[in-house]
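> next input, structure requested:
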Amino acid sequence: MVKTVLDRDNAKVMGTRAALWELLFFYCLGLVVAASCKVTGSLLAFCYLTVPPVVGLLLSKRLVRVILISVLTALISTLAGIYISFKQDLPTNQIVCVVILGFLTVSGLLRLFLLLPHRRRLQ
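A predicted model of the protein is given here:
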């Protein structure tokens, strides 16, 4: 049986060694970030780490939806950025960052004009 917990107290109750798993997670995260910065550059790595999750959080409050929106945002922006870069003969990293930031702008406007007025009417 797979144990899934999101906080340290529940992990202790279930008998999971949370400190060990957190240490392993952050070690792997550090390796991935260092490798991705070396391969793609710090700007693109920062955009991939921060912007898609923000887009997901702007558009949803449920964890599964946030993760799905984040993955789709990164995937679509990568494919669109590579395509635009190839067609226009522009640098790929910067174009992918611009496309990701375009997703952020659109999701911020959607949140501002579509999701927030609905909540104001309910209150």
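> just the helices in this structure please.
For the chain, the helices defined by DSSP state H cover 8-14, 18-40, 42-59, 63-88, 92-110, 116-122.
> can I get those helices in CSV including mean pLDDT and mean neighbour count?
Quick note: C-beta positions are derived from backbone N, CA and C, even for glycine. CSV is the format used below for those (pLDDT from 0 to 100; neighbours: other Cβ atoms under 10 Å):
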stretch, mean pLDDT, mean neighbour count
helix 8-14, 76, 12
helix 18-40, 88, 12
helix 42-59, 93, 18
helix 63-88, 96, 15
helix 92-110, 95, 17
helix 116-122, 58, 8
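> against L57, how distant is the nearest residue to Y48 once chain neighbours are set aside?
The shortest distance from Y48 to any non-neighbouring residue, by Cβ to Cβ, 6 or more residues apart in numbering, is to A74 (6.0 Å). Using Cβ to Cβ, to the nearest Å, one gets 14 Å for the distance from A74 to L57.
> could you dump stretch 31-41 to PDB, C-alpha only?
The C-alpha trace of stretch 31-41 is given here as PDB (Å, rounded to 0.1, in the frame of the first residue of the first chain):
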ATOM      1  CA  LEU A  31      20.600  18.300  -8.700                       C
ATOM      2  CA  VAL A  32      17.800  18.900 -11.200                       C
ATOM      3  CA  VAL A  33      18.000  22.700 -10.900                       C
ATOM      4  CA  ALA A  34      21.700  22.700 -11.200                       C
ATOM      5  CA  ALA A  35      21.700  20.500 -14.200                       C
ATOM      6  CA  SER A  36      18.900  22.400 -15.900                       C
ATOM      7  CA  CYS A  37      20.700  25.700 -15.400                       C
ATOM      8  CA  LYS A  38      23.800  24.300 -16.900                       C
ATOM      9  CA  VAL A  39      22.000  22.900 -19.900                       C
ATOM     10  CA  THR A  40      19.400  25.500 -20.700                       C
ATOM     11  CA  GLY A  41      20.500  28.600 -18.800                       C
END
